[in-house]
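# A predicted structure for the sequence below; I have some questions about it.
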Amino acid sequence: MAELKNAYLHNLSHQLENHSEEVRRLFSMFTPTQLNWKPEESTWSIAQCIDHIIISDQQYFKNIKKAIDQTITGAFTEKKPYHPGFIARFFIYAQRPGFLLKFKTPLAFRPSARTEGKKILEDFILHEQELSVLIKKCDGWDINTIKLYSQVHSHVKFSLGECFSILVTHQERHLHQASKVPQLPGFPRGNLA
């Protein structure tokens, strides 16, 4: 991976590589049945946790791409290190794995009905690469100044840096959730392929 000038964006890009590796390591050996298993209807399977990440992030990608396209390269060069504001710090903190409060997932962010677990894993790897490209495009830009609206709360704006932080932390939350599914009672054991 080429070294990014912005240390924070470099770290985020490295985290995305780790997420891809984690998905390969933890879930690639599971069968479609195991990837789609859930203990009850109200909970998510491994595949649904990962599909939710893709769907949620794609909602933000539209605004991120628009912000990148509307930014004249060099017009917003980095002036100071990335620093999230108060509201963003709460959103980032609330997305961490283990945060006790649970939030109702908006309908547009819920996992799809697809059950191709192996394809969802492949899509996730491609998705991480796409997000990494978006992050790298912003290297050297003032990611504190460029703003975009939240896809969940339309009256809230986040900086580009805050948005990237929220997405990566949100991924960690649901990868952690997916990693717990095989430990639940009733998870189908046996042939791993």
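Cool, the structure landed.
# Spit out the contact partners of the most centrally placed residue in the chain.
When Cα atoms, centre = their mean is applied to the chain, the residue found nearest the centroid is Gln171 (3.5 Å). By Cβ atoms under 8 Å, 6 or more residues apart in numbering, the contact list for Gln171 reads Leu16, His19, Ile53, Asp57. Heads up, the C-betas are built off the backbone N, CA and C, glycines and all.
# and the residues you listed, which of them are in helices?
Per DSSP state H, helices hold the following members of these: Leu16, His19, Ile53, Asp57.
# got a pLDDT number for the last one?
Going back to what we said before, that points to Asp57. Model confidence at Asp57, given as pLDDT, is 91.
# just checking, it touches Leu167?
Yes - with contacts counted by Cβ atoms under 8 Å, Asp57 reaches Leu167, the gap being 5.5 Å.
# can you list residues touching both of these two?
When contacts are counted by Cβ under 8 Å, 6+ apart, Asp57 and Leu167 are jointly contacted by Leu131.
# Surely Ile55 touches Pro111?
Yes - using Cβ under 8 Å, Ile55 makes contact with Pro111 at a distance of 6.7 Å.
# Could you check which of the two has the larger neighbour count?
More neighbours surround Pro111 than the other of Ile55 and Pro111, with 20 against 17 (other Cβ atoms under 10 Å).
# residues in contact with Glu22?
Glu22 touches Leu175, Ser179, counting by Cβ under 8 Å, 6+ apart.
# Need phi/psi at Val159.
Quick fix: residue 159 is Ser, not Val. Phi and psi for Ser159, reported as degrees, to the nearest 10, are phi -70, psi 160.
# So what's the residue count around it?
For Ser159, the neighbour count with other Cβ under 10 Å is 21.
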